[in-house]
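Participant: can't give you the sequence, but here's the structure:
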């Protein structure tokens, strides 16, 4: 019997009626002859409510205690879902991250999965149980509860699927799959039926937050196929797997956008490699992800350094930079009115005209570009936040993605 | 440095302001030079809200999943309390029952503590941390989460105090201590300054539910002094410890009452020792506590068997009895309109006049007595529920407990 891992997000288990719907869907998969492990997030707005409660106690609560608090969210949803499945007459057991063997590092609120000890899950599957595992959380080797940060449940699901050698990891969401651009911005956006891990990784990293980039990384590393699909329909969604290069067409697959970023610029910085190292090591120690990095080197003694971070890391990033800066004469500027627009596609770099077409499409709409960064399979432009939806549409049109 | 274990109930941590008050009290104890381990219940009505949520999913949820759900209640309160102490600038760590080493049997929703592995608590105390432990919950040897049933946090606190060799286990509550009778029923009731474990055990078992009987048992077994005191004042409350017999005066210490019981009567039962054994073994297997047991033996072939169980166990007890009964011709009667009134005092049985005075006091008020049970240090009478408050007052007056 094949094992299927299914991941249900917070909106899929938001209330008792929705939990019963998820229970029926899981049972249907079991009736089709599969073994099912379901990974579940906290109910709807539970996490936000818990964070709010913590704020009434402390402005800066210890991260370990935040994780202790937040982990209750999934513990509630897994037990309720198990009750709903039990009520349908199927054997079921819920497991916390700790019980499910999700071992992480000690980076509280942003922990990374180090290993999945799947012995308990396997034992329960062998007994014939449906297994419900808490997403988003894990346990350190010293038995402390951690959470994985935003979208961590996706990563849990893929990691569990990899550890079990599951046939597929199904990610249930409120959209039908991965689109060539956000359908709310681009009415002509198309559902992509199949996409390569690397392309999905770029799309995910670049703001198509339908799937956590870390989840895609783990899936790619272990060759776990991901099926992103709607929890409200039986339609096939988007399959993410390794696409053999012979099948590949050099083309733009989709347009991603992300307005959850801010631009930080340090000017009058000594032109010294150590500064780069100091700044980014310090940010890494605080577990702040730095995105687009540009150093506008000049021949002189000083230089400017620009990078973007997620909006929620703004304060922490500025505090870290201020600490490094000390009483040196740098200028620190922060611009919140930016957004990132990216085009993604396999083999893009072997086709240099692609980047040029993107720039000219933006130029045609008079949209300025502040920072550019490129990789094998994507080109990202930082543009004014006020113009980013227009920028997405311009790129989508330029590469005829709606056709 | 001495270790003090403090237990705070759900009403003490009901909201953020109360959590801050508890945090200040803990910090004050630390400032006085003590090491503190605080055992905390779920916030106010959290547990009831979670039970309500489960009911919307399933009428008869699996007990293991109920415990998975309910354990989140204390996990929330311990993390919030830890945040409040951290905000006061003191090192602190919260531990779930599992992390605190509270190992239980597998009797979900009514588990019993089998052992306390205090290694982690000691390690954190040695680091100089205030340790907050989740009450009411534990973990089985197969790593499944359990809860201890009603009032289980008291038991956790005493068990932790015993494991640590704590100087005292302070139980914070909303009353000033243990009284000679419920002050809401008997205006002349007095606070008892000191009481023996056995007397307290009887008082607790008999409805003075200020303290869980199991907690008193554990304290007695390990010689842990308990200090029951108010979380709203600095007053000394009631100390529960071993009282040397030379200090004892043969007298009634207090009157306890309990209207959380129902009477079940089996009539036309074969007069056969096996029946008693079958019935009570079956009830024990379902973890139903049976209280007053009376067999009205007759010379004939049949007999009647009466016992009381807690109100919430009514359904389960009747179901169990029905199973044992099968198609035999017993009658099963259940009377909910009963309550139990008890007098408690050391050495009472060496003074047989005490029971007689209780009966005549009840008789003086025309209160019928359905069942009597006695022990070394108590006499309990099952009376009509409608008259039990009057019965308490009659006993309190008879033994001049208000003076």
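Facilitator: Perfect, I can see it now. Quick caveat: nothing in here was measured; it's all calculated off a predicted structure.
Participant: from here on, contacts and neighbour counts on C-alpha atoms
Facilitator: Will do.
Participant: tell me which residues in stretch A:396-403 are buried?
Facilitator: For stretch A:396-403, the neighbour count (16 or more other Cα atoms under 10 Å in any protein chain shown) marks A:396-397, A:399, A:401-402 as buried.
Participant: Three-state assignment for residue A:381, please.
Facilitator: When classified by DSSP: H, G, I helix; E, B strand; the rest coil, residue A:381 comes out as strand.
Participant: how about the contacts made by it?
Facilitator: By Cα atoms under 8 Å, 6 or more residues apart in numbering or on different chains, the contact set of residue A:381 is A:340-342, A:369-373.
Participant: skipping adjacent residues, who's closest to residue A:212 in space?
Facilitator: Leaving aside its chain neighbours, residue A:212 sits nearest to residue A:151 (5.5 Å; criterion: Cα to Cα, 6 or more residues apart in numbering or on different chains).
Participant: quickly find the element holding residue A:161.
Facilitator: In the assignment (DSSP states H and E), residue A:161 maps to helix A:152-164.
Participant: and the helix or strand encompassing residue A:204, how far out from the chain middle?
Facilitator: Applying DSSP H and E as the criterion places residue A:204 in helix A:197-205. In terms of Cα atoms, centre = their mean, to the nearest Å, the gap separating the centre of helix A:197-205 from the centre of its chain is 10 Å.
Participant: who does that helix touch, helix- and strand-wise?
Facilitator: Contact here means 3 or more Cα pairs under 8 Å, 6 or more residues apart in numbering or on different chains; DSSP states H and E; on that basis helix A:197-205 packs against helix A:213-222, strand A:238-241, strand A:254-258, strand A:338-344.
Participant: tell me which of the ones you listed sits nearest to residue B:108.
Facilitator: Among these, helix A:213-222 comes nearest to residue B:108, with 35.2 Å by Cα to Cα.
Participant: what lines up beside the next helix or strand after that closest one in the sheet?
Facilitator: Using DSSP H and E, the next helix or strand after helix A:213-222 towards the C-terminus is strand A:226-230. Paired with strand A:226-230 in the same sheet, following DSSP bridges, are strand A:168-173 (parallel), strand A:238-241 (antiparallel).
Participant: leaving out the residues flanking it, which one is nearest to residue A:76?
Facilitator: Nearest in space to residue A:76, with sequence neighbours left out and distances taken as Cα to Cα, 6+ apart, is residue B:69 at 5.2 Å.
Participant: can you confirm residue A:52 is in a helix?
Facilitator: Yes - with three-state DSSP as the criterion, residue A:52 is part of a helix.
Participant: now name the helix or strand holding residue A:100.
Facilitator: Following DSSP H and E, one finds residue A:100 outside all helices and strands.
Participant: and it, what does it touch?
Facilitator: Neighbouring residues of residue A:100 by Cα under 8 Å, 6+ apart: A:116-118, A:120-121, A:133-134.
Participant: what about those residues, which are in helices?
Facilitator: Of these, the ones assigned to helices by DSSP state H are A:120-121.
Participant: next step: the contacts of residue A:100 restricted to strands.
Facilitator: A:116, A:133-134 (DSSP state E).
Participant: circling back to that earlier point, to residue A:182, which of the helices and strands packed on helix A:197-205 lies closest?
Facilitator: strand A:254-258 (7.3 Å).
Participant: element containing residue A:265, please.
Facilitator: Residue-wise, residue A:265 maps onto strand A:261-270 under DSSP H and E.
Participant: tell me what angle that strand forms with strand A:338-344.
Facilitator: Orientation check (axes from the mean of the first three to the mean of the last three Cα atoms, to 10 degrees): strand A:261-270 against strand A:338-344 gives 100 degrees.
Participant: name every strand pairing with strand A:261-270 and say which way it goes.
Facilitator: strand A:302-310 (antiparallel), strand A:331-335 (antiparallel).
Participant: would you mind pulling the contact partners of it?
Facilitator: Residues outside strand A:261-270 that contact it (Cα under 8 Å, 6+ apart) are A:275, A:301-311, A:314, A:329-340.
Participant: generate a ChimeraX selection restricted to the buried subset of those.
Facilitator: Restricted to buried positions by 16+ other Cα under 10 Å, the ChimeraX selection for the contacts of strand A:261-270 reads:
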select /A:303,304,305,306,307,308,309,310,314,330,332,336,338,339,340
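Participant: so who does residue A:67 touch?
Facilitator: A:108-109, A:145-147.
Participant: who wins on neighbours among those residues?
Facilitator: When neighbours are counted by other Cα atoms under 10 Å in any protein chain shown, residue A:146 leads these with 34 neighbours.
Participant: re earlier: can you add mean pLDDT and give the strands paired with strand A:261-270 back as TSV?
Facilitator: Shown next, in TSV, are these (pLDDT from 0 to 100):
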stretch	mean pLDDT
strand A:302-310	83
strand A:331-335	91
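Participant: turn those strands into CSV, including distance to residue A:184.
Facilitator: What follows is the strands paired with strand A:261-270, written out as CSV (distance: least, Cα to Cα, whole Å):
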stretch, distance to residue A:184
strand A:302-310, 22
strand A:331-335, 25
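Participant: quick one: low-confidence residue ranges for chain A.
Facilitator: A:205-209, A:244-250, A:273, A:296-302, A:347-352 (pLDDT under 70).
Participant: contact partners for the residue nearest to residue A:212?
Facilitator: Applying Cα under 8 Å, 6+ apart, we find residue A:151 in contact with A:136, A:211-212.
Participant: phi first, then psi, for it.
Facilitator: The phi/psi pair for residue A:151 (degrees, to the nearest 10) reads phi 70, psi 10.
Participant: what bridges to the residue lying closest to residue A:370 once chain neighbours are set aside?
Facilitator: Leaving aside its chain neighbours, residue A:370 sits nearest to residue A:382 (5.3 Å; criterion: Cα to Cα, 6+ apart). Assessed by DSSP bridges, residue A:382 has beta-bridge partners residue A:340, residue A:371.
Participant: among the strands paired with strand A:261-270, which is nearest residue B:15?
Facilitator: Closest approach to residue B:15 among the strands paired with strand A:261-270 is made by strand A:302-310 (32.9 Å; Cα to Cα).
Participant: between strand A:254-258 and the closest one, find me the angle.
Facilitator: 100 degrees.
Participant: what about the nearest residue to residue A:310 once chain neighbours are set aside, how many neighbours?
Facilitator: The shortest distance from residue A:310 to any non-neighbouring residue, by Cα to Cα, 6+ apart, is to residue A:261 (4.4 Å). Neighbour count for residue A:261, taken as other Cα under 10 Å: 25.
Participant: measure residue A:53 to residue A:11 for me?
Facilitator: According to Cα to Cα, to the nearest Å, residue A:53 stands 21 Å off from residue A:11.
Participant: ditto for residue A:160
Facilitator: Going from residue A:160 to residue A:11 by Cα to Cα gives 21 Å.
Participant: for residue A:95, same thing?
Facilitator: Counting by Cα to Cα, the gap from residue A:95 to residue A:11 is 20 Å.
Participant: equivalent analysis for residue A:89, please.
Facilitator: From residue A:89 to residue A:11 the distance is 25 Å (Cα to Cα).
Participant: rewinding a little: what does the helix holding residue A:161 rub up against?
Facilitator: Contacts to helix A:152-164, defined as Cα under 8 Å, 6+ apart, come from residues A:3-7, A:9, A:38-41, A:102, A:113, A:116-118, A:122, A:134-137, A:167-169, A:171, A:211-212, A:214-216, A:218-219, A:222-224, A:226.
Participant: likewise stretch A:101-108?
Facilitator: Contact with stretch A:101-108 is made by A:63-64, A:67, A:111-120, A:137-141, A:146-148, A:156, A:287, as judged by Cα under 8 Å, 6+ apart.
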